[in-house]
Every structure is written in C-alpha cells, then in structure tokens.
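Visitor: Sequence and predicted model, in that order:
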Amino acid sequence: MRRVVCPGSFDPVTNGHLDIISRASRLFDEVVVAVLINKTKQGLFTIEERIAMLEEVTREYGNVKIDSWHGLLVDFCRQNDIPMIVKGLRAVSDYEYELQMAQMNHRMAGVETMFMSTNPLYSYLSSSLMKEIVKYGGDVSGLIPDLVHERLVERLQQG
C-alpha cells in the first residue's frame, strides 16, 4: 500500500490545502493529513476543531484519513509506516525552507518528500492571510471551503 502524509497546521484549511490533498489522493492509496500540534503557538481553532473541519471537507475522498501529532514529523512517519511526505510549494521561498526540511527528514529517518507545485489559483493563499482578511471584514469566500468560511467568520466576530 502506498501511503503518504500531508502535514500542516490547517488553522484553518484553505482551498490550496485541499488542492494538494485531493491531488495526492489520486496518486496514493492512503493520504494521512496530519494536523501538527505546536504548543508554542496559540491557534485560532483547537486541534479538535481543525480535525473536524478537515474530516468534513475531505469526506468525498475515500482514502484520506485525518490525524494529529506533536513532535517530529519523521517520528509520526515511523510510527505509522509512512515513507513519504507530500508538501505543496507556493513560491521559491517555500522551496528553500522545505528543501532543507526534506533533506533533514531523509537524513534522520529515510523519509522521502515529494513537492507539488500549488495550483496558480491558490498560490497566494495562506491560513494567516485568510484570518487577517476576515478579521478586518474582508471576503474570502471561494478561497476556503464554505463550512470553514462560516466558522472563521463566526470565530473572528466573537473575538
């Protein structure tokens, strides 16, 4: 079975994330979307909320599983018998950082990394940008899944 992990914070998930997940789901038997827990960062959504949103928006893909992890991604890969990481690249600046991570992951655990270029429709999207735009009353509909949009607007209007 060909398994791969798509890691990220997904706070919140964007259509760019979903593009990479859906494309990976066509190439691999199983795609594990790993919501990485960074205890030094305070997310807008809890890990449980992010997982629930991801489960909803990836439901149509029968081979996508959502999980979470705290620690090194290579340890997650070892414990789950996943030999490859899939990462989306939006720009050259992403590549510089991700290449270094890929080389370290291979050195530490023999885990391969596959880079997918982001669909140009989504190359400017980031979770941080979506949060900032909504915080100031901007419209990000069509850039994030509808249910995520609803929850993002609700959360930022509460705060």
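Guide: Looks like it arrived, so ask away. Residues are numbered from 1 along each chain as shown.
Visitor: ok now the helix or strand containing Asp67, how far from the chain's centre?
Guide: Using DSSP states H and E, Asp67 falls within strand 64-69. Distance of strand 64-69 from its chain centroid, counting by CA atoms, centre = their mean, to the nearest Å, is 10 Å.
Visitor: Mind listing residues that contact the helix or strand following that strand?
Guide: Proceeding N to C from strand 64-69, the next assigned helix or strand is helix 73-79, under DSSP H and E. Residues outside helix 73-79 that contact it (CB atoms under 8 Å, 6 or more residues apart in numbering): 5, 7, 34, 36, 67, 69, 82-83, 85, 105, 108-109, 111. For every residue, glycine as well, the C-beta is placed using N, CA and C.
Visitor: Report the rounded mean pLDDT for stretch 152-159.
Guide: The pLDDT scores in stretch 152-159 average 84.
Visitor: Pull the residues that contact it.
Guide: 12, 44-45, 130-131, 134-135, 140, 144.
Visitor: repeat for stretch 119-139
Guide: By CB under 8 Å, 6+ apart, the surrounding residues in contact with stretch 119-139 are 9-16, 19, 44, 90-91, 140, 143-144, 152-153, 156.
Visitor: check contacts around Asp11.
Guide: Asp11 neighbours (CB under 8 Å, 6+ apart): 43-45, 50, 127, 131.
Visitor: hang on, the earlier thing: please list only the buried members of the contacts of stretch 152-159.
Guide: The neighbour-count test (16 or more other CB atoms under 10 Å) marks 12, 44-45, 130-131, 134, 140, 144 as buried among the contacts of stretch 152-159.
Visitor: can you list those residues in TSV and add secondary structure and distance to Arg59?
Guide: Formatted as TSV, those follow (DSSP: H, G, I helix; E, B strand; the rest coil; distance: CB to CB, whole Å):
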residue	secondary structure	distance to Arg59
Pro12	coil	16
Leu44	coil	22
Phe45	coil	18
Met130	helix	21
Lys131	helix	24
Val134	helix	24
Val140	coil	22
Ile144	strand	16
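Visitor: Now tabulate those residues in CSV and tack on distance to Val74 and pLDDT.
Guide: Listed next are these as CSV, based on distance: CB to CB, whole Å; pLDDT from 0 to 100:
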residue, distance to Val74, pLDDT
Pro12, 26, 97
Leu44, 27, 95
Phe45, 26, 96
Met130, 29, 96
Lys131, 29, 95
Val134, 34, 95
Val140, 33, 96
Ile144, 29, 97
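Visitor: Please consider this matter closed, and thank you.
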